[in-house]
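Peer 1: 3D, please:
(one chain, ligands or ions: 1)
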Amino acid sequence: MTEPSNDNTINLGTANAAAVTGTGTSAQWLARYSDSLMGVFGNPQRVLVRGAGALVWDADGKEYLDLLGGIAVNALGHAHPFVTSVIASQLSTLGHVSNFFTSPTQIALAEKLLELSQAPIGSKVFFANSGTEANEAAFKLARAHGGKERPTILALEGGFHGRTMGALAMTAKQAYREPFEPMPAGVRHIAFNDIDALRAAMDGSVAALVIEPIQGEAGVRPLSAEYLQAARDLTHEHGALLILDEVQTGVGRTGTWFAGVSAGITPDAMTLAKGLGGGFPIGAIITFGEESSRLLSAGQHGTTFGGNPVATAAALATLHVLESQDVLGNVKVISELFAEGLAKVDGVTEVRAFGLLIGFDLAEPVAAGVVAAALDAGFIVNAPRPNTIRLAPPLNLTAKQAQSFVAALPALLETAIAAHNSEGKS
Ligand code: PLP
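Peer 2: Model prediction:
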């Protein structure tokens, strides 16, 4: 028996090498996809093999401007040279340790997040691997706070918090929940942005209110500043936690570090993921102040991968670039450019631009057709609702790139409307 090799002369094998280099056509890969992958995402739109900045290429060599950024994840685009070099360097130094140990990148990232979120003394961070896991920690925080006496968690209609059971219980969409009932008990959904409904729902049984400052999956719908303030005041008044889900809005996406904090709200906890690792999986929950930071004690929560040295190094590198290159300043400029340009396009009825989280409504329910026409024309966008297009591009998108989509949109709409009309006739 030969000993397992420990050097880099190992041959990946022809089949694996083809996968890593992206050799093969889209049709070949797609034919294999449905035989090997669970169908939960439907048919993939394209097979992507390479990216650089805001551009990606499919297996057939076609180029796309990625205006979705992995759904608000690729904060600095694809294959950012600094982020990839920090990840590679960390991986070749220390890739993973169990949480019986810590590592400097984990500590430095926690400190950085506390600084950026202006968290008061005594605030703490727990690292997870995704948004849904960050929200599972939030769910447990609410239970730890409320116990059996205060079992209610309030969440909002239209809210999306993830697909694991606790996060799913807080997610409003019936179609996501129903097949998996019974849900974890205690969650109630109340009307979106309705202060009276919130006031009526708040009582001594409420452990926490969990809200997104801007609902991304519902089509980029913001809560008003008044609602956020009322949420803070009423949760204080009734001794409940205010938990902000900033998985989609956080880490510079809206042109500020965190949408809630920039609106003057100090929550009891805030969850993050998506853009935090610049494309590397990581999630986090920040507990604000000593009281909420003491709720989960030793042994009450945990994770194998959360806080991993590579993920935390990726996030440190991402935050460093965002901060040192004034990327948030770029977000504001490009956001305005999109807002002005999109509003002038015939057939666009409303634009909701919060930094580079942008939703725009169409006069007709042709968003799916626009997504398809955009792909053909070399743009990646998304349709969270039948008449809404969402953009969540890299935060370092250039003006030229933004303008290229605005200029292309009239033709994309025309194609989508023509396809819609001919479907109606057939
Ligand atoms: N919370 C919000 C606001 C989200 O938008 C999402 C994902 O879209 C999640 C939570 C779940 O995050 P993940 O898909 O990383 O589990």
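
Peer 1: residue contacts, the residue in the stretch 101-250 of the chain positioned nearest to the ligand?
Peer 2: Proximity to the ligand, evaluated over the stretch 101-250 of the chain using Cβ to the nearest ligand atom, is greatest for residue 131 at 2.2 Å. In this view, the C-beta of every residue, glycine as well, is placed from N, C-alpha and C. Contact partners of residue 131, counting by Cβ atoms under 8 Å, 6 or more residues apart in numbering, are 161-162, 167, 245, 247-248, 271-274, 283.

Peer 1: Could you dump those into TSV and include secondary structure and distance to the ligand?
Peer 2: As requested, those are exported to TSV (DSSP: H, G, I helix; E, B strand; the rest coil; distance: Cβ to the nearest ligand atom, whole Å):
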residue	secondary structure	distance to the ligand
161	coil	5
162	coil	4
167	helix	6
245	strand	5
247	coil	3
248	coil	4
271	strand	7
272	strand	9
273	coil	5
274	helix	6
283	strand	6
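
Peer 1: Most neighbours among the residues you listed, please name it.
Peer 2: Within these, neighbour counts (other Cβ atoms under 10 Å) peak at residue 245, which reaches 33 neighbours.

Peer 1: Could you check how far that residue is from residue 336?
Peer 2: 26 Å (Cβ to Cβ, to the nearest Å).

Peer 1: Next: residue 175.
Peer 2: According to Cβ to Cβ, residue 175 and residue 336 sit 36 Å apart.

Peer 1: do residue 70 as well
Peer 2: Separation of residue 70 from residue 336 (Cβ to Cβ): 24 Å.

Peer 1: So residue 177 sits against residue 187, correct?
Peer 2: No - using Cβ atoms under 8 Å as the test, residue 177 is too far from residue 187 to be in contact (9.7 Å).

Peer 1: Checking my notes, residue 349 in a strand, right?
Peer 2: Yes - counting by DSSP: H, G, I helix; E, B strand; the rest coil, residue 349 is found in a strand.

Peer 1: Give me the neighbour count for it.
Peer 2: Applying other Cβ under 10 Å, we find 11 residues neighbouring residue 349.

Peer 1: Next to the ligand, which bits of the stretch 201-350 of the chain? Give me the list.
Peer 2: For the stretch 201-350 of the chain, the residues in contact with the ligand (Cβ under 6 Å from any ligand atom) are 212, 216-217, 245, 247-248, 273.

Peer 1: Turn those into CSV, including distance to residue 423.
Peer 2: Shown next, in CSV, are these (distance: Cβ to Cβ, whole Å):
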residue, distance to residue 423
212, 33
216, 28
217, 26
245, 36
247, 35
248, 31
273, 37
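
Peer 1: farthest pair in those residues?
Peer 2: Farthest pair in these (Cβ to Cβ) is 217 and 273. Separation: 13.6 Å.

Peer 1: per-residue pLDDT, residue 17?
Peer 2: Note on residue 17: pLDDT of 80.

Peer 1: buried stuff in the lengthiest helix in the chain?
Peer 2: Assignment by DSSP state H gives helix 399-425 as the longest helix of the chain. Neighbour-count burial for helix 399-425 flags 401-402, 405-406, 408-409, 412-413, 415-417, 419 (criterion: 16 or more other Cβ atoms under 10 Å).

Peer 1: In a markdown table: these, plus distance to residue 194 and pLDDT.
Peer 2: Formatted as a markdown table, these follow (distance: Cβ to Cβ, whole Å; pLDDT from 0 to 100):
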| residue | distance to residue 194 | pLDDT |
| --- | --- | --- |
| 401 | 38 | 98 |
| 402 | 34 | 98 |
| 405 | 34 | 98 |
| 406 | 34 | 98 |
| 408 | 38 | 98 |
| 409 | 33 | 98 |
| 412 | 35 | 98 |
| 413 | 33 | 98 |
| 415 | 38 | 98 |
| 416 | 33 | 98 |
| 417 | 34 | 97 |
| 419 | 37 | 95 |
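
Peer 1: domains of the protein?
Peer 2: According to automatic domain parsing, the chain is divided into the following domains: 25-79+326-425, 83-324.

Peer 1: which of the ones you listed sits most buried?
Peer 2: Highest mean neighbour count of these: domain 83-324, a mean of 20 (counted as mean count of other Cβ atoms under 10 Å).

Peer 1: Endpoint to endpoint, that domain covers what distance?
Peer 2: Across its full length, domain 83-324 reaches 13 Å end to end, with Cα to Cα, to the nearest Å as the criterion.

Peer 1: average pLDDT for that domain?
Peer 2: 98.

Peer 1: and stretch 385-404, how far apart are its ends?
Peer 2: Stretch 385-404 stretches 23 Å from its first residue to its last (Cα to Cα).

Peer 1: What strand or helix carries residue 232?
Peer 2: Here residue 232 sits within helix 225-237, counting by DSSP states H and E.

Peer 1: Could you name the helices and strands sitting against that helix?
Peer 2: Packed against helix 225-237, as judged by 3 or more Cβ pairs under 8 Å, 6 or more residues apart in numbering; DSSP states H and E, are the following elements: helix 195-201, strand 206-211, strand 241-245.

Peer 1: Thank you, goodbye.
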